[in-house]
Structures are given as C-alpha cells and as structure tokens.
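Colleague: I would like the atomic coordinates for the input below:
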Amino acid sequence: MNELSDLRQGALAPGHTADIANALVSASGLRIEIDRRRGRGAGINPSGRFEEQRRETFDDGWQSLEELEPFRTEVQIEKPRTAITRNDSPDIGFDRSINPYRGCEHGCIYCFARPTHSYMGLSAGLDFEAKLFAKPDAPRLLERELSRPDYKVRPIAIGTNTDPYQPIEKEWRIMRQLLEVLQKAGHPVLIVTKGSLITRDIDILADMATKGLAKVGISVTTLDRKLARSMEPRAATPSRRLETIKALTEAGIPTAVMMSPVIPALNDHEIERVLEAGHASGAREASYVLLRLPLEVSPLFRDWLLQNYPDRYRHVMNLVRSMRGGKDYDADFTKRMKGAGPYAWQIGRRFEMATKRLGLARRGMSLRDDLFVRPDGGGVQLSLL
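Modeller: Numbers count the residues shown, from 1 in each chain. Predicted structure coming up:
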C-alpha cells in the first residue's frame with residue numbers, strides 16, 4: 001500500500017514529517033501506477049482547479065485499475081481567433097508570443113505552464129503531457145495579423161508556454177509553417193526549446209540569422225542523464241541539446257544556453273558545468289531562471305520529488321521557501337524569476353562569475369525590426385478608400 005493510502009487511513013510512516021504529510025494530502029489524488037504513466041513526468045492527475053467536482057482514481061477491491069490502459073498522447077485541434085498572445089509583464093523581455101500547441105509532451109515536472117490546462121477543464125498533471133491541442137490555423141492567423149495596417153513590429157517569442165519542437169511537431173509541422181511566414185515577412189523571432197527537432201529548420205533560421213532576425217535559446221537543465229530522464233522524460237537528452245547548440249551556432253544562428261530552472265539541492269551544483277558545456281558547444285549567451293511552483297505545479301513537483309528523491313525532499317523545499325518569502329512561490333514580478341534571500345543571492349553571484357569567466361553575454365544582441373515587409377492581403381479586409 002502506498003504512503004498516500006496509509007495517510008488517508010490515519011497512519012503516517014515512521015520518519016515522515018508533517019511537512020511531507022501535507023505534501024501528500026495536497027496532491028489531491030492517488031498516484032497513477034508506473035506502468036500506466038511510463039515515460040511521463042507527473043505521477044498524479046488531479047482535477048483542474050476550476051472544476052466543481054474533484055475525481056480520484058482508487059482501487060475498489062475488484063482489480064478494476066488493472067484494466068485501465070496506459071496514458072497515450074492524444075491531440076485535438078484548437079481553433080483560436082488569433083495567433084499572437086500579448087503580455088505586459090515587466091520582467092519578461094518580449095511583449096508578444098505564439099504557442100503553436102497547448103500542453104507539452106516533454107512532460108517536464110517543473111513546467112510553470114501546467115496550470116494553463118485547467119482552462120480546458122483538464123488536469124495540470126498527466127493530462128498536460130498526454131492530452132494536447134494543436135493549432136494548425138496559427139500560420140494563417142499570423143499572416144493575417146501581420147498584414148494589419150496598425151501592426152507594429154517587435155520580436156515574437158515562441159516556446160514560452162509550450163515547446164514548439166515537442167515530438168508531435170514532427171507530424172503537424174506547425175512551427176515550420178510559422179517560421180516560413182516570419183521569414184517571408186522579415187519579422188524577428190526568439191525561440192526557446194529543449195527539442196533537437198529545431199535542427200530540421202536550420203535552413204530557415206540560418207537565413208533569418210544572417211539578417212539579424214533570429215535567436216535561439218536551448219534549455220539545458222542538467223548534464224545528468226538519469227535526472228533528466230526522470231524530470232524531463234520526453235525531452236532531448238542533455239547531450240543531444242548540446243549537439244543542437246553546436247549545430248545551430250555552426251550554421252551562424254546566435255544561440256544561448258539557458259539553465260532553466262535552477263533547483264536548489266538538486267541541480268544548482270551544476271551551474272558552472274552546464275555553462276561550460278554550453279560555451280564549449282558554441283553558445284555565446286546564457287541565462288537562468290529559478291524554480292517556479294505556481295498553483296498546481298507545487299503539489300505535482302512535491303509528489304515527484306518525494307517519489308524520486310525522498311532523502312532530499314525536506315532540504316529542497318526548505319531552500320525553495322527561503323527564496324520565496326516562506327512560500328512555495330512568490331509571483332512578485334521583481335522576485336519570481338530570480339528569488340530573494342541569501343541562497344538566491346549566492347546562485348546569482350555564481351552565475352555572474354561563471355558567465356564572466358567564460359565570456360558569455362547575459363544580454364545578447366538585439367534583433368532587427370527594420371526589414372519587415374507587411375504580407376499582402378492575408379485575409380485582412382481592404383479599405384474602400
């Protein structure tokens with residue numbers, strides 16, 4: 001019987017603290033059997049926070065759970081009204097982005113975007129990585145939006161809320177179509193990904209890069225294959241990501257190594273090694289973001305941490321809270337990316353020293369916005385004058 005079942009029956013395993021008990025309770029659902037969730041990041045699938053009713057899977061004694069099939073990737077078509085999403089967050093270096101997909105098959109347990117699945121009536125847990133939405137109309141909508149007379153050019157970020165190069169992109173090819181629209185229009189683009197599939201589009205990105213229109217950030221969270229496999233089960237391996245950086249930079253595409261997120265007592269000891277590996281692969285820019293645990297991400301990460309690194313659970317969470325004002329997460333714009341307090345300060349200084357020693361820029365080149373050519377038509381209603 002698992003620990004959550006013991007807890008529900010009022011028995012707490014010896015050595016467990018009240019802190020761990022609270023983490024188990026907050027998970028809001030029984031853990032899904034390993035065989036059913038193999039290759040997935042989350043171990044639970046709690047109901048979305050907007051749902052009036054909460055549903056849990058439990059064993060009724062008739063072995064009914066043994067008949068359930070493994071979680072398989074399902075893709076539905078989403079038809080948005082616009083392709084470009086706007087934001088006015090002061091701590092983000094862009095004001096617009098495109099997400100060709102909703103949900104992400106990479107299954108990174110720490111992903112801050114998981115709570116967005118609740119808007120679809122789905123779970124931020126296993127649903128986020130198994131029940132995906134594709135937006136095949138996004139390229140057409142983008143062309144239409146760029147055609148508007150009042151459109152003002154600013155770099156568009158792609159990969160901010162879902163990875164555009166997750167496995168389903170091989171079939172849907174939405175990201176490549178978006179790049180074709182941006183290339184034709186001479187529009188600047190920033191891309192963030194963990195997927196090695198981006199090398200497929202080097203032909204487009206290299207052409208845009210020669211004109212100062214494209215930059216890429218490759219997220220390298222750890223060099224430990226075992227940790228990466230558990231924490232980011234369907235993302236490219238660390239070595240593949242470094243190979244991707246090399247392939248992009250050799251093609252003349254400005255590429256940054258991004259250590260995101262930095263998790264205290266789990267991967268923060270690798271900061272210097274990750275930056276050194278990225279630099280050796282050709283990256284000339286670097287950045288980092290501290291672990292963020294908003295809304296449903298906190299119980300999901302706690303459950304994963306307790307199952308995979310129970311000996312570090314209390315230490316990791318105590319350090320997280322020390323950088324978040326005693327909470328799991330602080331959404332304050334001045335603190336959410338880097339945290340606060342002595343431990344956060346130490347992480348920041350280590351990053352600064354490593355980037356300075358390696359010659360990695362923390363603020364890279366600006367992309368050009370003077371080459372934009374407004375698409376002709378694109379479905380925009382023409383003036384009668």
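Colleague: Which secondary structure state does L295 sit in?
Modeller: coil (DSSP: H, G, I helix; E, B strand; the rest coil).
Colleague: how about the nearest residue to it, chain neighbours excluded?
Modeller: P115 (4.2 Å; CB to CB, 6 or more residues apart in numbering). Where C-beta positions appear, they are placed from N, C-alpha and C, glycine not excepted.
Colleague: Output the longest helix belonging to this protein.
Modeller: helix 342-358 (DSSP state H).
Colleague: what's it packed up against?
Modeller: helix 271-280, strand 285-290, helix 313-323 (3 or more CB pairs under 8 Å, 6 or more residues apart in numbering; DSSP states H and E).
Colleague: Quick one: the helices in this protein, in order.
Modeller: According to DSSP H, the helices that the chain contains are 3-8, 18-26, 126-130, 138-146, 169-172, 174-185, 202-210, 225-231, 238-250, 271-280, 297-308, 313-323, 342-358.
Colleague: and the second one, average pLDDT?
Modeller: Think helix 18-26. What helix 18-26 shows for mean pLDDT is 48.
Colleague: and if you look at the longest one?
Modeller: For helix 342-358, the mean per-residue pLDDT is 98.
Colleague: Using PDB, write down the CA coordinates of it.
Modeller: C-alpha atoms of helix 342-358 as PDB (Å, rounded to 0.1, in the frame of the first residue of the first chain):
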ATOM      1  CA  PRO A 342      20.900  34.700   0.800                       C
ATOM      2  CA  TYR A 343      20.600  31.400  -1.200                       C
ATOM      3  CA  ALA A 344      19.100  33.200  -4.200                       C
ATOM      4  CA  TRP A 345      21.900  35.800  -4.000                       C
ATOM      5  CA  GLN A 346      24.500  33.000  -4.000                       C
ATOM      6  CA  ILE A 347      23.100  31.400  -7.100                       C
ATOM      7  CA  GLY A 348      23.100  34.800  -8.800                       C
ATOM      8  CA  ARG A 349      26.700  35.500  -8.000                       C
ATOM      9  CA  ARG A 350      27.800  32.100  -9.100                       C
ATOM     10  CA  PHE A 351      26.100  32.600 -12.400                       C
ATOM     11  CA  GLU A 352      27.600  36.000 -12.800                       C
ATOM     12  CA  MET A 353      31.100  34.800 -12.100                       C
ATOM     13  CA  ALA A 354      30.800  31.800 -14.400                       C
ATOM     14  CA  THR A 355      29.500  33.900 -17.300                       C
ATOM     15  CA  LYS A 356      32.200  36.500 -16.800                       C
ATOM     16  CA  ARG A 357      34.900  33.800 -16.800                       C
ATOM     17  CA  LEU A 358      33.600  32.100 -19.900                       C
END
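Colleague: Tell me what angle that helix forms with helix 271-280.
Modeller: Per axes from the mean of the first three to the mean of the last three CA atoms, to 10 degrees, the angle that helix 342-358 makes with helix 271-280 is 30 degrees.
Colleague: Give the buried residues for helix 342-358.
Modeller: Going by neighbour count (16 or more other CB atoms under 10 Å), the buried part of helix 342-358 is Y343, A344, I347, R350, F351, A354, T355, L358.
Colleague: where exactly do the strands run in the stretch 51-200 of the chain?
Modeller: In the stretch 51-200 of the chain, the segments counted as strands under DSSP state E, counting those that start in this stretch are 74-77, 84-86, 96-98, 101-102, 131-134, 156-158, 189-193.
Colleague: Redo these as JSON lines? Include mean pLDDT, distance to R40 and mean neighbour count.
Modeller: Formatted as JSON lines, the strands of the stretch 51-200 of the chain follow (pLDDT from 0 to 100; distance: least, CB to CB, whole Å; neighbours: other CB atoms under 10 Å):
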{"stretch": "strand 74-77", "mean pLDDT": "97", "distance to R40": "13", "mean neighbour count": "12"}
{"stretch": "strand 84-86", "mean pLDDT": "96", "distance to R40": "27", "mean neighbour count": "14"}
{"stretch": "strand 96-98", "mean pLDDT": "97", "distance to R40": "26", "mean neighbour count": "21"}
{"stretch": "strand 101-102", "mean pLDDT": "98", "distance to R40": "17", "mean neighbour count": "22"}
{"stretch": "strand 131-134", "mean pLDDT": "98", "distance to R40": "12", "mean neighbour count": "20"}
{"stretch": "strand 156-158", "mean pLDDT": "98", "distance to R40": "24", "mean neighbour count": "24"}
{"stretch": "strand 189-193", "mean pLDDT": "98", "distance to R40": "20", "mean neighbour count": "22"}
